[in-house]
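**Student:** This is the structure alone, sequence omitted:
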Ligand code: PEP
């Protein structure tokens, strides 16, 4: 299983270092379990950390460098050896107004750079309420312009109504959706949306769930490690 933690706009450089060092202490066991951890701190907390798990970024601009005020490009990420990025998170699509066209442009750019990409998709509540066929149609449209054959590519299915709400999708909804996606996209698929200690066993037991992308429950090492070691 992949356990990915998205800090969003939380943590400082100091607290991120402390966090990562704590995870590092457990990483041998995590690897021995056949699992993998990926952490996405805010950009100001990116550094050359001596850890042997993945530290990636939540966002970057599709450029090497240039005149893009407030953004960072590959030149800035290279300084810290960052080669992993989240693209298409619903908060960037919805709050920051990233269109499918722009998301696809970002994907193509970071693919060209050989980045590992976690590509997020997810439907709003009104689409979920229309039923599973409508959900799949909506999700497949979020692959427009995306090269789904790219090797270094992980999908994260995150229903928007389940993100940060405490209300996860049901086991049946997750299983149905992941199974349907796997018919067209032969890539690992993470589930995201209110994953926590109380529901991890149920979610992780679904065959088509290859991992989880976690916001709230990733913010403290205790709650994150509870997910990572839910079987131990
Ligand atoms: C997320 O934003 O990727 C997420 C899944 O958040 P949460 O776990 O807090 O729902």
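**Tutor:** Structure's in. What do you need? This one's a predicted model, so the numbers in the text were calculated from it and none came from an experiment.
**Student:** in this protein, what residue is nearest the ligand?
**Tutor:** The chain approaches the ligand most closely through residue 215 (2.3 Å), counting by Cβ to the nearest ligand atom. The C-beta positions use only the backbone N, C-alpha and C, and glycine is treated the same way.
**Student:** who are the neighbours in contact with that residue?
**Tutor:** 6, 8, 163-164, 192 (Cβ atoms under 8 Å, 6 or more residues apart in numbering).
**Student:** Helices of this structure, start to end?
**Tutor:** 13-32, 74-78, 90-94, 100-112, 125-128, 132-141, 171-184, 200-204, 221-228 (DSSP state H).
**Student:** hang on, the earlier thing: any chance of the contacts of residue 215 in JSON lines with neighbour count, distance to residue 56 and pLDDT as columns?
**Tutor:** Supplementary listing: the contacts of residue 215 in JSON lines, determined by neighbours: other Cβ atoms under 10 Å; distance: Cβ to Cβ, whole Å; pLDDT from 0 to 100:
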{"residue": "6", "neighbour count": "26", "distance to residue 56": "9", "pLDDT": "98"}
{"residue": "8", "neighbour count": "17", "distance to residue 56": "13", "pLDDT": "98"}
{"residue": "163", "neighbour count": "22", "distance to residue 56": "18", "pLDDT": "93"}
{"residue": "164", "neighbour count": "13", "distance to residue 56": "20", "pLDDT": "89"}
{"residue": "192", "neighbour count": "26", "distance to residue 56": "15", "pLDDT": "97"}
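**Student:** so which pair among these is furthest apart in space?
**Tutor:** 8 and 192 (11.9 Å; Cβ to Cβ).
**Student:** Which one of the helices of the chain lies nearest to residue 40?
**Tutor:** Closest to residue 40 of the helices of the chain is helix 13-32 (Cβ to Cβ; 10.3 Å).
**Student:** between that closest one and helix 221-228, how big is the angle?
**Tutor:** Angle of helix 13-32 versus helix 221-228, following axes from the mean of the first three to the mean of the last three Cα atoms, to 10 degrees, is 20 degrees.
**Student:** sorry, back to before: export the helices of the chain to CSV and append columns for distance to residue 65.
**Tutor:** Output for the helices of the chain, formatted as CSV (distance: least, Cβ to Cβ, whole Å):
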stretch, distance to residue 65
helix 13-32, 22
helix 74-78, 4
helix 90-94, 21
helix 100-112, 13
helix 125-128, 38
helix 132-141, 32
helix 171-184, 35
helix 200-204, 40
helix 221-228, 33
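**Student:** And those helices: which comes nearest residue 57?
**Tutor:** Closest approach to residue 57 among these (Cβ to Cβ): helix 74-78, 6.4 Å.
**Student:** Buried residues, the closest one. List them.
**Tutor:** The neighbour-count check on helix 74-78 (16 or more other Cβ atoms under 10 Å) flags 74, 76-77 as buried.
**Student:** For that helix, give me every contacting residue.
**Tutor:** Here helix 74-78 makes contact (Cβ under 8 Å, 6+ apart) with 46, 57, 60, 63-65, 83, 113.
**Student:** Stretch 142-155 too?
**Tutor:** Counting by Cβ under 8 Å, 6+ apart, 2, 88, 100-101, 103-105, 107-108, 111, 114-122, 181, 184-185, 187-190, 210-211 sit against stretch 142-155.
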